[in-house]
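Chemist: Sequence and predicted model, in that order:
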Amino acid sequence: MTQTFRSKIEYGDFQTPIELAEKICHKLVELGIKPDIIIEPTCGLGNFIKASAQIFPSAKKIIGIEINQHYINVINNEELLLADERIKVQQADFFQFDWQSVLRENPENILVIGNFPWVTNSRQGVIHGVNLPLKSNFQKLNGLDAITGKSNFDVSEWMLIRIVQYLQKCHAYLAMLCKTSVSRKLLNYIHAQKISLEYCATYKVDAKKYFGANVDACLLLCKFDSTSHNYFCDVFNSIEDKNYQRIGYQDNILVKDVLIFDKLKDLYAFKSAEKWRSGIKHDCSDVMELSKINDIYINGLGEIVDIEEKFIFPLIKGSDVAQGRTRVTNRYVVVPQRFIGESTEYIKNIAPKTWNYLESHANYLDSRKSKIYHNNPRFSIFGVGNYTFLPWKIAICGLYKKLNFQLVGTLDNKPTIFDDTVYFLAFDNEQSAVQALIILNSTLASDFYSSLIFWDEKRPIKSSILNKLNLSALAQRLNQVRSLQ
């Protein structure tokens, strides 16, 4: 990896084309926005500064901040920018810069505009990048969410939150390009923190055309004041579009389609009697997952594995569930615990070959990076409980952009196990599972879930959404419909 390419990845360096910067500024003018102060927190080569200087002639100050000194030099060599006394550009690190002082000096009619880096903190870790804020649980996640995948975030999310914190109680606008999923996370944050918000909208942007990136992106527009608490967002399909769909909050959850949800809100479960679970998380597939070839188990390291059958279970992956491949499998998984936190020491006595296998691969298992394994019994896994070992399950993969529920029974006379991309309901008999599947495949269930699911997210289907449907209430409504037919 060249240093230039590495830096581009580290800083999420997608320069906004002047054509798009001008289009955005013209849109803001069309919306009646006339800022006195314009701030671009990561100005790059200065295209938003150029567009702002031209399209907002009444602006008194245009301030640009950029970490890359080379970009600063390029901007300072632009004759048109040099001639404009309103423009002030300086080299600084966003994460260290005193934004509060800048906004305190210029408190009225502010426009913060630009394009924050499109990179996640986990990607930064992979390349050992330093373009990160100080480590903190800024999303206020609890328990496992704070130390597993949910704590991964886009750096732009942190930067947007920081700017929004500073814009509280100001008469100000935020106009930022970002991933669509990040815009919703910011709205969630604003709602959770009860930050004053007068208006919010997103305008879809063709990221492939402008940035060569295959992501769902948008222009996020927020208008702040000192009193309003309007926690909704108007979603436009393009910057030019006049029609919109409104997303908003119902019972403290962000709803994709408020109108449909309102019609089906009697199906909403405040506390679900049935609980969707996630599959097993072990973070060590080379050791814990096995293939079966001619009745011989082979692990991911190519080794023959001879251990007690008691701890080996048939495994169905998320892709198998999504494609309906649930009747047979040649994949298996080692399950050393029956519930989270269970001591594994007893394996030594009842299954010595299994214990020896785990110990002989301790260098893999003991070095798993996730904090969830720290201070837990040796060789621990997660996503395991009594539900894991029930014989019948209804499963769905969280990664696919389709509601596709599958009925899954036992394999090899053992309960089927899923990986952690799968969510499932567990049953102790086939009849109950089949009845639940019929309910879940109904049009009403599909409409209810579709009003909540944002399909552009990386994992659109989540247990938190699946658990919002009251299956008993839906069964009653379906019975009422049948009785009227």
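Modeler: Everything's here; your move. Numbering: from 1, shown residues only.

Chemist: roughly how far is stretch 235-255 from the heart of the chain?
Modeler: 18 Å (C-alpha atoms, centre = their mean, to the nearest Å).

Chemist: Revised request: answer the last question for stretch 104-117.
Modeler: In terms of C-alpha atoms, centre = their mean, the gap separating the centre of stretch 104-117 from the centre of its chain is 26 Å.

Chemist: now could you export just the CA positions of it as PDB?
Modeler: Presented in PDB, the C-alpha positions along stretch 104-117 are these (Å, rounded to 0.1, in the frame of the first residue of the first chain):
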ATOM      1  CA  ARG A 104     -18.600  31.700  20.300                       C
ATOM      2  CA  GLU A 105     -16.900  34.500  18.400                       C
ATOM      3  CA  ASN A 106     -19.400  34.100  15.500                       C
ATOM      4  CA  PRO A 107     -22.700  33.100  17.200                       C
ATOM      5  CA  GLU A 108     -25.300  34.200  14.700                       C
ATOM      6  CA  ASN A 109     -26.600  32.900  11.400                       C
ATOM      7  CA  ILE A 110     -23.900  30.300  10.900                       C
ATOM      8  CA  LEU A 111     -23.600  27.700   8.100                       C
ATOM      9  CA  VAL A 112     -21.300  24.700   8.700                       C
ATOM     10  CA  ILE A 113     -20.900  23.100   5.300                       C
ATOM     11  CA  GLY A 114     -18.700  20.400   3.800                       C
ATOM     12  CA  ASN A 115     -17.900  16.700   3.600                       C
ATOM     13  CA  PHE A 116     -16.400  14.800   6.600                       C
ATOM     14  CA  PRO A 117     -14.200  11.700   6.100                       C
END
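
Chemist: buried ones in it?
Modeler: 106, 109-117 (16 or more other C-beta atoms under 10 Å). C-betas here are computed from N, CA, C, even on glycine.

Chemist: Now do it, average pLDDT.
Modeler: The average pLDDT within stretch 104-117 is 86.

Chemist: still on that earlier bit, looking at the buried residues of stretch 104-117, which are in strands?
Modeler: Using DSSP state E, 110-115 are the members of these that sit in strands.

Chemist: got any ranges where the chain has weak pLDDT?
Modeler: 1-14, 80, 107, 119-153, 484-485 (pLDDT under 70).

Chemist: where does the residue of it positioned farthest from its centre fall, phi/psi-wise?
Modeler: The C-alpha centroid of the chain is most remote from residue 83, which lies 43.6 Å away (C-alpha atoms, centre = their mean). Note on residue 83: backbone dihedrals following degrees, to the nearest 10 are phi -80, psi -10.

Chemist: switch to numbering from 44
Modeler: Done: numbering now begins at 44, and the last item shifts to residue 126.

Chemist: Please report the distance of it from residue 96.
Modeler: 10 Å (C-beta to C-beta, to the nearest Å).

Chemist: With residue 215 instead?
Modeler: 19 Å.

Chemist: In this structure residue 307 contacts residue 487, no?
Modeler: Yes: here residue 307 reaches residue 487: they are 6.8 Å apart, a contact under C-beta atoms under 8 Å.
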